[in-house]
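Peer 1: Here's my sequence, what's the structure:
(2 chains)
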Amino acid sequence: MATVTIDTVGKHDGQSVTICGWLTHKRSSGRIRFLVLRDGTGTIQCTLIQGETSEQALDLYPELTHESSLTVTGTVRRDKRAPGGYEILASSIEVLQIAETYPISPKEHGVGFLMDHRHLWLRSSRQQAILRIRHAVVNAARKFFDDQGFTLLDAPIFTPSSCEGTTTLFETDYFGDRKAFLSQSGQLYMEAGAMAFGKVYCYGPTFRAEKSKTRRHLTEFWMIEPEIAFADLETIMKLAEALIVAIVEEVLETRRQELKLLGRDITRLEKIQPPFYVISYDEAVQILKDAGESLPWGEDFGASQETIVSNHFDKPVLIHRYPAQTKAFYMKNDPNRPEVALCVDMLAPEGYGEIIGGGQREDDPVILKEKIEKAELPAESFDWYLDLRRYGSVPHAGFGLGIERAVAWICGFEHVRESIPFPRLLDRLYP
RNA sequence: UCCCCAGUAGCUCAGUUGGCAGAGCAGAUGGCUGUUAACCAUCGGGUCCGCGGUUCGAGUCCGUGCUGGGGAGCCA
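Peer 2: Numbers count the residues shown, from 1 in each chain, chains lettered A, B, ... in the order given. Below is the predicted model of the structure:
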């Protein structure tokens, strides 16, 4: 007799096995009783029949509550009436714990209630499908970079300074006499890494103290950020496209069941093939103008404008060369058009908006120093960063992919909050 | 930070003109010889978000605070 997981039960037809899991449903009808067990690999129906099942198991049945933990031993048999095709005719049951009344019922719940019970909500099939897709997204991205000779270089979480704007920094006390900030991006450190390894990437959490209450914002989110030496804007635009193609391909290959469970229109994802659309900021402004939404040149897109542009295309669109004034200090200006930056954002289709942001970095030490001063950033915190331009500066470029936004788009969600196991939002730090 | 909406049983919600607090689900008990979010019957379950006000009388009207949801700006 073997202890087996539910996903492999079919291989043991006719044999006696033991399953460990949690009770998700129970039903009875006269002398027959059913237990539905979940173990993380799937669910299976166990049957208890008077005369065939032990008295011990039948006696336990009334005690069992939703989410009680137990092991069931019995014979696997194929049965058309069983969901999944197989069921277990139970011979004995061992209870690990009888659960208290479980708060999550099969009927509908509000978002606030479910978020308060996120630690239990993870047990539902829908949440498991989402987080398995997230796993596939992360795996695909890492495999993509690993296969192309990138080195994984972990960036620090505590940082002495900002790289995205000082108003959105989470501040922590660092042994009383100094302040440390939670990282908003690993990028600056990846630039140092690129000068050492050529091609690097990091994958980790980033923190932004934005007082944003929108469907796209978390205060803690995960990014994968590649950085390449001897690379320009064109290089990373191609790389970003190839990355998204690889991610979607992997999810379609390995997580099709999960996408179906979520009700995702898979044909929309099957369209995600190269080449993606590539337009300039100027062209995007024209698209907005044609849609009756005028935007003065020089301003960044708001949420509604991003949605209009994103809905305009059935595949991701890369928008390059934004006005330099809208972008961070480290972006390099286009030598042919100094008023625009050599940067790119990728907008996912179906109105999902920005999932990637990146560009070519300023590699001239004098210009970079000026930009740091102009941004009113503390010069001493960036001395090491200027060193990268003092000792063998080279053109280099990189980008960041927001994992939760990518997952939300692939799953077809309105909100990013279900794309991460324990979301951190403005006003939500529990559980 | 600003704008909009909501807060009634464990959950999702209804509650008429201001006049006795309701349903479904969940829970408990019983029934049913193969159930599929089973079904049927019975039962228990309330600080109507808090505070103040108007009124003979407030879940309902007014003020205020808190909490949750949606959106804006900003961003991945």
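Peer 1: What about the closest residue to RNA strand B within chain A, how many residues nearby?
Peer 2: Closest approach between chain A and RNA strand B, counting by C-beta to the nearest atom of the strand: A:Gly30, at 1.9 Å. In short, each C-beta sits where N, CA and C put it, glycine included. Residues near A:Gly30, counting by other C-beta atoms under 10 Å, number 6.
Peer 1: and the stretch 151-300 of chain A, which residues reach RNA strand B?
Peer 2: For the stretch 151-300 of chain A, the contact set with RNA strand B under C-beta under 7 Å from any atom of the strand comprises A:164-165, A:168, A:208, A:210-219, A:221, A:223, A:299-300.
Peer 1: Among the residues you listed, which ones are in helices?
Peer 2: In this view, those have no member that belongs to helices under DSSP state H.
Peer 1: just so I have it, where are all the helices in the stretch 251-400 of chain A?
Peer 2: A:256-261, A:266-270, A:281-290, A:303-311, A:365-374, A:383-390 (DSSP state H, counting those that start in this stretch).
Peer 1: So what touches the fourth one?
Peer 2: Pointing back at helix A:303-311 there. A:214, A:216, A:284, A:287-288, A:291, A:293, A:295, A:301, A:317, A:319, A:347-354 (C-beta atoms under 8 Å, 6 or more residues apart in numbering).
Peer 1: dump the residue contacts of A:Thr219.
Peer 2: For A:Thr219, the contact set (C-beta under 8 Å, 6+ apart) comprises A:Phe170, A:Phe207, A:Arg208, A:Ala209, A:Glu210, A:Arg424, A:Leu425, A:Leu426.
Peer 1: quick one, what contacts the closest residue to the first one other than its chain neighbours?
Peer 2: Pointing back at A:Phe170 there. Spatial nearest neighbour of A:Phe170, chain neighbours left out: A:Leu182 (4.1 Å); criterion: C-beta to C-beta, 6 or more residues apart in numbering. Applying C-beta under 8 Å, 6+ apart to A:Leu182 gives the contacts A:Ile157, A:Phe158, A:Thr159, A:Leu169, A:Phe170, A:Thr172, A:Thr206, A:Phe207.
Peer 1: Where does pLDDT dip in the stretch 251-400 of chain A?
Peer 2: Within the stretch 251-400 of chain A, no stretch falls below the threshold (pLDDT under 70).
Peer 1: Near A:Arg389, how many residues? Count them for me, please.
Peer 2: 20.
Peer 1: same question, A:Ala231
Peer 2: Residues near A:Ala231, counting by other C-beta under 10 Å, number 22.
Peer 1: Is it located within a strand, as I assumed?
Peer 2: No: the assignment for A:Ala231, made by DSSP: H, G, I helix; E, B strand; the rest coil, is coil rather than a strand.
Peer 1: Check the contact between it and A:His396; I expect there is one.
Peer 2: Yes: between A:Ala231 and A:His396 there is a contact under C-beta atoms under 8 Å: 5.8 Å.
Peer 1: so what sits against both of the two?
Peer 2: Counting by C-beta under 8 Å, 6+ apart, the contacts common to A:Ala231 and A:His396 are A:Gln360.
Peer 1: near RNA strand B, which residues of the stretch 1-150 of chain A?
Peer 2: So the stretch 1-150 of chain A meets RNA strand B at A:25, A:27-32, A:34, A:36, A:45, A:47, A:49, A:62, A:65-66, A:79, A:81-83, A:87, A:101-103, A:105-113, A:115 (C-beta under 7 Å from any atom of the strand).
Peer 1: If any of those are buried, put those into a PyMOL selection.
Peer 2: Buried residues within these, by 16 or more other C-beta atoms under 10 Å, are selected in PyMOL with:
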select buried, chain A and resi 34+36+45+47+66+82+87+102+115
